[in-house]
Structures are given as C-alpha cells and as structure tokens.
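>>> From the sequence below, what's the structure:
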Amino acid sequence: MSPATPAPKSGGAALELLVHGVGGATPQDMLDDPCTVRVTGDATAAMHRRADDLDAEEHPERYAERPVPEAYCWSNLTSGNGTRALWLLLLPFMVVNLAHWMRPPTQDRPGLVRLYGVLVRLVALTLTVLLTAAACEVALDLTAWQCAGLSACAEDRSWLGFLSAERGGWWSQPGRRLALAAVVPAALVGLLWYLSNRTWSAYEAQRPPTGYDDAPADPASDPAASAPDGPASDGRESDGRGSDGPESDEAVDTPDTLDASSPAALRPALGRPGFWYGRRLVARLRAAHTAAGFLTVAAAVTGAAARHDRGAPDSLREIFGWALQSAFVVLGAVVLWVVCRRGRSEKRLDLRLERALVSALPGASLALLALAVLHAGWSRPDWRSGGTLPGDFTFGVLTLAQGGLVVALAVVALLLHRPHRDPRTALYGLGGPAVAMLACALGGVMSGGVAQRVADWLDGSQTPGMGQGPFLGPPVLLSWQASVIPVLLLLLLAPGAFLVVRTARAVRRLGPVVEAEYGTDDPDPVRTGRIASGRARAGLTDSAPSLVGIVSGATLLLGAGAVAGAWVSGKVPGRAFEGAHPAVAAAADTAQSLGSWMIGFGFLLFVTCGRRAYKDASARRTIGILWDVGTFWPRAAHPFAPPCYAERAVPDLTWRMSSWTRHTGGRLVISGHSQGSVLAAAAVWQLPPATRRRVALLTYGSPLERLYGRWFPAYFGPGPLRALHRTVHCWRNLYRATDPIGGPVRVPAEGEKPAVDRTVLLDPVVYGRTHAHPLPEPILGHSDYQADPAFAEERSGLLDRLPPALPHQRTSLPTDQRTDQRTNQGTDQGSSGRSSG
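Modelled structure (predicted):
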C-alpha cells in the first residue's frame with residue numbers, strides 16, 4: 001500500500017500519469033487496485049485506470065482534492081512474446097547503434113558531426129558483413145568445401161553423403177556444393193531483412209503528434225521551423241527522387257552548450273519534430289545492409305570458382321567470373337554511397353520514402369547472387385576442393401577496417417569534445433568509439449564462436465588447425481582472436497581487484513557517516529554495515545566508464561596483435577610457438593585451447609539464454625531489461641538492431657498529455673521511475689510550449705544524468721537538462737545513495753525555479769525500530785520510491801505549483817473507450833511491482 005497522500009490545494013482537474021521503469025509492472029500494481037481498465041492503447045502498450053476512475057472527467061467534483069492516477073504500461077514493447085528473445089543474437093548491432101548517440105556535444109562543427117555519423121554507420125556495415133561472412137565460413141568453407149570434400153568427414157554424417165566428392169554425384173563438384181550451401185547465409189540475410197522490415201512497420205511507423213502544436217517553434221532555435229518542409233510536407237510519401245542535401249539535419253547539432261539565456265536553448269535535439277520518426281533512414285540503411293549481405297554471400301560463392309577458371313580453356317566461364325566480380329565492386333560502391341550519403345532528418349517530420357532505392361538495391365544484389373550461384377554450378381569435372389576458402393584474408397581485412405574506423409572515430413570524438421570539455425562526460429568524449437569497439441568484439445566472439453564450435457563438431461576428437469588431420473578448420477585468424485580472450489580476462493583481474501578493495505574501504509569509511517546521518521544513539525554494527533555496503537556497491541556504477549575504456553583499449557591492441565600473428569605466422573598460436581621457450585609454447589597452447597573453449601561457450605551461452613527466454617516469461621523479462629536500456633535510441637546506425645521502443649512510447653505519452661490537457665484544461669504531473677523517467681522527459685520535450693506550461697515532471701530513481709547525461713552528453717548533458725528545467729513548469733527529482741541506477745540530475749536553481757534535486761533520501765527511512773516502524777525497514781535501493789513519504793509530498797507540491805485548471809467544457813471519454821471497458825485482472829505486462837527497476 002502507498003502511504004497516505006497529503007491532499008493538494010484544490011486547483012481543478014488534475015491527472016497523474018505514471019510511467020514504470022525497466023523490467024515492467026502491472027497496471028494493478030502501479031495503480032494499487034486489483035480492478036483496472038484499459039483506457040486507450042493495445043495489448044503492446046496502453047494507458048490504464050482504476051475502474052472507479054474511468055468517468056473522472058464527467059465528475060470533476062469527486063477529484064477536487066486529488067489527482068486521477070493513470071498508468072502507462074509499455075513493457076511489452078521489449079519483453080512481449082517469445083520471439084523477442086531472438087533479439088539477443090542482435091546484440092552487436094544494438095551496441096554499435098548506441099555509439100552513434102554517444103557523440104560529444106558541439107555547436108559549430110557540422111563537418112565533424114557528419115564525419116562522426118558516417119564513421120559509425122561504416123562500423124555498423126562491417127558488422128553486417130562480418131556476421132554474413134561467419135555464416136559463409138560455417139556453411140561454405142567448413143561444411144561444403146572442407147568436410148564434404150573429405151570422404152571420412154562426409155561419410156560419417158549421412159546428411160552430407162549426397163555432397164561427398166567420393167560418390168561422384170551431381171552435387172559432388174565443389175562449385176555446386178558451394179551454390180547449395182549459399183542458401184544458409186542468404187537465408188540469414190533474408191531473415192534479418194524480414195525482422196527489420198516487420199519492426200520498421202510497427203515501430204518507426206508511429207508518427208509523433210502534430211495537430212496539437214499550438215505554439216510554433218522558435219525560429220531562432222530551429223531554422224527549420226520557418227523553412228518550408230519541401231516535397232511531401234503534406235504527409236504524402238515521396239518516391240525518393242527529391243533530395244535535400246547529403247546529410248540533412250545531422251550536421252546541425254543541438255544547442256546543448258548555449259548559454260542559459262539563449263532562446264536557442266529552448267529546443268534541444270529530443271524536442272525536434274522528426275527526432276522520433278526515423279522511418280526514411282532505417283529504410284535506406286536496411287536496403288544497403290541487405291545488399292551488403294547478399295553481396296558477401298555472392299563473393300564467397302564466386303571467388304573460388306573464378307580462381308579455378310583463370311587460365312582454363314573455357315574462356316566464357318572466366319569472362320563471366322570477371323564480369324560478376326566487377327559487378328560486385330560496382331554495387332558495393334553503391335552500398336557505401338547509400339550508407340555515407342545521408343544521416344537522420346530531425347528538424348521536420350520527414351515522411352518521404354525512397355521506394356525505388358529501397359526495392360532496387362536489395363533486388364539487384366539478390367539477382368547478382370543468383371547469377372553467382374549459376375556460375376558456381378557450371379560443370380567443372382576436374383575441380384577438386386582442397387585447403388580452405390580465403391577466410392583469413394576476408395576476416396583480416398574486416399578486423400583491420402574495424403580497427404581503423406574505431407581509431408578515426410576516436411580522433412573525431414576528441415576534436416568534438418575539446419572545445420566544450422565537461423568532466424562528467426564518460427571517457428572524455430571517447431564513449432562512442434569505446435562502445436563501437438565493444439560491438440566489434442561482440443561480433444567477433446559470436447562469429448568466431450559459431451565457427452569454432454562447428455569446426456570442433458565436424459573434426460571429431462581432433463583440434464582444428466593443429467595438423468592432426470586433413471580437416472584444417474576455420475581461418476587461422478579466428479583461432480588467434482580466440483586465444484586473446486584468456487589474456488584479456490587476466491588483464492581485467494587488476495581493475496577488478498582494485499574495485500573490490502576500494503569498495504571494502506568505502507564501506508568502512510561510510511560507517512560513521514551513516515550513523516551520523518541517522519543520529520542514532522545506539523548504533524548497530526550489522527545494520528550500519530549493511531547500509532554502508534549498499535551505498536558503496538551503488539557507487540560501483542560510476543566506475544563503468546573506466547572499465548569500458550580498459551576493455552575497449554585492450555581489445556583494440558590485442559586484436560591488432562592477433563591479426564599480425566595470424567598474417568606473419570600463417571599458423572594457429574599452438575603451432576606458431578612450437579620452437580619457442582617451453583614456457584612460451586605452453587602458454588600459447590593453453591591460450592588457444594582455453595580461448596577456443598571460451599569463445600564457443602560464449603556462443604552457446606547466447607543460444608541457451610535465447611532458448612530459455614523463448615519458453616520462460618521471467619527470463620524473457622530479464623533480457624527485456626537489457627533492451628529497455630539499449631533500445632531506447634532510434635536505429636540511426638544499424639537497421640538490423642532491435643527496434644526503438646521509444647518511437648512508440650514517446651508519441652503515446654505526448655499524444656496523451658496533449659489531448660488530455662487540451663480537452664480538460666487541467667493540471668498534469670507525469671511521474672517516471674527509472675527508464676520511465678527518461679521516457680517522460682523525452683515526451684515532455686516533444687510537447688508544444690502551451691502544453692508544457694500545464695505539465696509538471698516528477699522523476700525518481702532516474703538515470704537521466706548518471707547514465708544518459710554522461711554517456712549521451714549531446715542529448716542529456718547539462719545544457720539539454722537545464723533547458724528542460726526552463727521549459728517545463730516545474731520539475732523535482734528523488735534519489736537515494738543506495739540506488740545503483742538513479743542519481744541526481746544536477747540542475748541548479750534558476751530564477752524563481754528551485755533546484756530540481758531534492759536532498760538525498762535516507763534508505764532505509766529509519767535506522768532501527770520506532771513506534772511508527774516497529775519492524776526493521778528494508779534497504780530499497782532502486783525500487784519502491786512511492787513508499788517513501790517524500791514521494792507524496794513532492795507530488796502534492798508539484799500540483800500546487802501548477803496553474804489552476806482552465807474553464808473547459810466537460811469532455812467525456814470517447815464512446816468506444818467507455819463501452820470497451822476491458823478489465824485487466826490478471827493481465828500482466830511484467831512481474832515486478834509498481835516501482836520495478
């Protein structure tokens with residue numbers, strides 16, 4: 001039960017819009033009532049009320065002294081049905097998409113901003129090629145080329161018997177085996193296209209509200225507000241033949257570093273009309289990445305056949321092969337042009353869709369793949385498969401390209417960060433490059449893991465690459481990359497031990513501080529230790545930037561060493577150091593064995609987690625927590641990343657706040673916990689000025705500054721948060737020292753507006769037993785902020801500070817909402833409580 005809520009001063013109709021955090025919450029728990037009704041929305045995301053409050057707008061006299069509570073449940077956007085668990089396999093794509101939004105803030109360097117966006121999109125493209133190349137390695141090289149070409153390997157597996165070279169069947173020729181095996185990576189690319197297109201139709205298709213914009217944007221803050229929208233500004237979709245420049249709005253940054261008095265600070269990036277509508281860019285990138293995937297498969301199929309045909313008496317096959325490879329280069333250049341040419345359009349609602357490009361580019365690449373399959377299937381009776389396909393070169397080039405792009409991205413990030421340095425910014429502006437490096441490492445673990453596991457399975461008891469049999473296994477580079485994993489884990493022992501020691505010292509240091517804050521006369525060492533330990537562990541969150549930087553830097557250096565070792569020696573580590581000192585040789589052999597096991601185990605762990613989450617709703621919600629944080633941002637770099645739920649949730653909240661305040665003229669408090677506070681702030685930014693003047697913002701357990709402000713400074717840095725404080729009528733933030741996620745937003749008082757942060761809440765609310773609390777109170781950390789009396793006090797204060805309700809004609813709920821009163825007893829959008837984190 002919530003604590004008794006002090007009645008605010010009567011000011012007319014008032015609505016409290018509750019937004020839960022990560023992990024989800026049921027409307028029954030959020031509203032503290034077993035009988036709730038869905039007011040508007042669908043099974044994925046909806047607004048709920050208590051059944052008794054359904055007709056609140058028709059009887060305002062009943063709510064003269066209390067707000068009408070309404071809960072927005074959005075957890076099914078990230079953890080709904082079982083197929084969502086498959087998104088776990090898209091983790092590298094999600095991580096690289098985050099790197100796009102971690103750009104340091106800037107105001108007057110549009111060229112560097114464009115270059116930053118281009119570099120991140122190129123890193124994302126290499127991840128698509130890497131994943132497709134890994135599928136080609138497994139299906140084409142390990143299975144169709146090596147195993148099917150060896151009688152012992154093929155005969156031991158009945159499902160490969162018809163491909164065996166020894167049987168001399170129609171499929172026994174290497175080119176035809178490759179052509180058949182190409183179905184696997186091509187199907188993978190097709191599946192990624194399908195998932196992206198399906199989620200694109202459901203998420204990116206949600207248009208932000210435009211009809212409620214009763215106050216135009218300030219032309220000084222948004223030049224696009226006074227400029228014509230160009231083609232298709234009336235809402236119709238264009239065929240894409242028009243053009244509005246190479247990079248559109250991405251070159252113009254948000255005014256996050258402007259002085260507080262500047263009118264331009266009134267419209268940060270998240271307040272732009274097109275920020276939550278990236279349909280056009282996702283469609284372009286989806287076409288480019290799909291084409292890149294099909295071209296990768298086609299090149300793998302054609303490469304071996306074209307090399308065999310060089311100098312052959314049949315010149316027609318050779319000419320056909322050269323023509324195909326030339327076409328691959330041309331279409332690959334087109335893909336690069338599409339990826340680099342245009343970024344996001346945010347200053348206006350860009351409704352255009354380049355249908356010709358979206359259809360023609362994947363279609364052309366698929367046609368080339370079909371021609372490559374026909375070319376490989378050409379009869380070559382004298383062709384025998386031997387050795388491996390050129391995987392070392394392919395994976396080596398991809399690894400070097402990723403490393404070079406990350407280094408270039410780091411240089412650009414430093415140049416952007418240098419003029420406006422903020423000590424709170426994670427890694428001194430290098431957060432984006434560091435996370436992009438982690439995305440590449442995750443992609444390498446997944447691709448190398450599946451290749452190592454399949455090679456071990458096909459080779460039986462032998463170790464691939466050690467010369468113990470004719471089966472050569474995966475490319476040497478993948479073995480070197482696996483071998484650096486134990487080295488990386490050893491390097492992480494030092495910072496891990498440092499954090500353990502520092503946390504233990506912090507617990508001892510915080511003990512006297514805790515006792516002094518509670519003013520206890522009879523301290524309990526056990527109770528004090530638990531509270532101090534909770535605070536010390538919560539502080540570990542602030543060490544995340546250092547750990548990410550160490551892991552990323554070590555990964556970059558070790559990855560470069562792996563490429564050098566593979567290309568110089570041409571052997572796996574265990575063989576490359578055979579003539580070295582016995583200790584060195586033993587270390588290399590141990591690193592290779594452990595690395596192979598670890599990288600394979602990592603891949604199996606991904607598959608196991610996905611399979612369990614598919615069947616278990618609680619596990620699916622656990623994975624959903626990861627997506628709640630990672631998929632808040634639109635897909636700006638990788639179209640195959642999990643979809644952005646905020647492109648549905650933010651318009652939902654904005655529509656609801658705009659429509660309710662317009663129809664009732666009442667006061668509204670939007671109350672967000674954890675990730676819900678980020679959604680609430682983003683929705684308030686989208687409101688027109690007249691509506692924002694009737695809205696108060698209450699955040700608690702909020703990562704707005706502690707996580708988003710540090711890692712995404714261009715969008716949640718000091719400038720945007722202060723601008724939000726100026727434009728919203730009033731805002732208060734609650735946090736605890738024991739909360740590992742939430743923290744202060746660090747927005748000071750400005751004019752007549754007080755500082756946003758309330759003094760840090762005590763957790764637990766009392767130290768020991770009292771008459772009001774006869775039993776020991778729990779340490780709540782990130783959860784159940786509404787149980788603290790400060791929550792009701794701050795909510796009541798915000799309602800009192802809002803202007804009285806405007807005289808409006810009573811507006812009842814729409815007929816379809818009053819007649820379709822579906823009781824939500826037992827309807828679950830999550831298992832956690834109202835303040836779940």
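>>> So which residue is smack in the middle of this protein?
Nearest residue to the geometric centre of the chain (CA atoms, centre = their mean): Gly630, 2.9 Å.
>>> Contact partners for that one?
Counting by CB atoms under 8 Å, 6 or more residues apart in numbering, Gly630 touches 94-95, 98, 642. In short, each C-beta sits where N, CA and C put it, glycine included.
>>> can you put those residues in CSV and add pLDDT?
Compiled in CSV, these are given as follows (pLDDT from 0 to 100):
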residue, pLDDT
Met94, 92
Val95, 94
Leu98, 95
Pro642, 85
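>>> now those residues in CSV, with secondary structure?
Compiled in CSV, the contacts of Gly630 are given as follows (DSSP: H, G, I helix; E, B strand; the rest coil):
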residue, secondary structure
Met94, helix
Val95, helix
Leu98, helix
Pro642, coil
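>>> Quick check on the residues you listed: which are buried?
94-95, 98, 642 (16 or more other CB atoms under 10 Å).
>>> possible to save those residues as a markdown table with distance to Pro390?
Shown next, in a markdown table, are the buried ones among the contacts of Gly630 (distance: CB to CB, whole Å):
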| residue | distance to Pro390 |
| --- | --- |
| Met94 | 30 |
| Val95 | 28 |
| Leu98 | 33 |
| Pro642 | 33 |
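>>> tell me the SS of Gly672?
Relying on three-state DSSP, one would call Gly672 strand.
>>> Next: Val129.
helix.
>>> check contacts around it.
Contact analysis of Val129 by CB under 8 Å, 6+ apart lists 292-293, 296, 398.
>>> Among the residues you listed, which ones are in helices?
Using DSSP state H, the members of the contacts of Val129 that fall in helices are 292-293, 296, 398.
>>> Show me the one in those residues that has more neighbours than the rest.
Counting by other CB atoms under 10 Å, Gly293 has the largest number of neighbours within the ones in helices among the contacts of Val129, with 29 neighbours.
>>> circling back: just the ones in helices among the contacts of Val129 now: which is nearest Phe601?
Leu398 (23.2 Å; CB to CB).
>>> Tell me how far Thr78 lies from Gly21.
12 Å (CB to CB, to the nearest Å).
>>> residues shared between the contacts of the two?
Contacts common to Thr78 and Gly21, judged by CB under 8 Å, 6+ apart, are Asp628.
>>> now the nearest residue to Arg508 once chain neighbours are set aside: how far from Gly742?
Among residues not flanking Arg508 along the chain, Ala532 sits closest, at 7.8 Å (CB to CB, 6 or more residues apart in numbering). For Ala532, the distance to Gly742 equals 19 Å [CB to CB].
>>> residue ranges for the strands of this protein, please.
14-19, 36-41, 46-50, 68-73, 667-673, 695-700, 730-734 (DSSP state E).
>>> Kindly reformat these as CSV containing mean neighbour count and mean pLDDT.
Output for those, formatted as CSV (neighbours: other CB atoms under 10 Å; pLDDT from 0 to 100):
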stretch, mean neighbour count, mean pLDDT
strand 14-19, 25, 93
strand 36-41, 21, 92
strand 46-50, 23, 94
strand 68-73, 25, 94
strand 667-673, 28, 94
strand 695-700, 27, 96
strand 730-734, 24, 96
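>>> Near Ala305, how many other residues are there?
Residues near Ala305, counting by other CB under 10 Å: 23.
>>> can you check Leu163 too?
Neighbours of Leu163 (other CB under 10 Å): 23.
>>> Name the nearest residue to it, ignoring sequence neighbours.
Ala148 (4.0 Å).
>>> The one you found against Ala154, yeah?
Yes - between Ala148 and Ala154 there is a contact under CB atoms under 8 Å: 5.1 Å.
>>> which one of these two has more residues nearby?
Ala148 (27 against 24).
>>> What's the per-residue pLDDT of that one here?
Confidence at Ala148, expressed as pLDDT, is 80.
>>> how about it, what does it touch?
Here Ala148 is in contact with 154, 160, 163-165, 177, 385 (criterion: CB under 8 Å, 6+ apart).
>>> Just put the residues you listed in JSON lines and tack on distance to Asp309 and pLDDT.
Compiled in JSON lines, these are given as follows (distance: CB to CB, whole Å; pLDDT from 0 to 100):
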{"residue": "Ala154", "distance to Asp309": "25", "pLDDT": "71"}
{"residue": "Leu160", "distance to Asp309": "26", "pLDDT": "73"}
{"residue": "Leu163", "distance to Asp309": "21", "pLDDT": "74"}
{"residue": "Ser164", "distance to Asp309": "24", "pLDDT": "73"}
{"residue": "Ala165", "distance to Asp309": "19", "pLDDT": "69"}
{"residue": "Arg177", "distance to Asp309": "16", "pLDDT": "88"}
{"residue": "Ser385", "distance to Asp309": "15", "pLDDT": "78"}
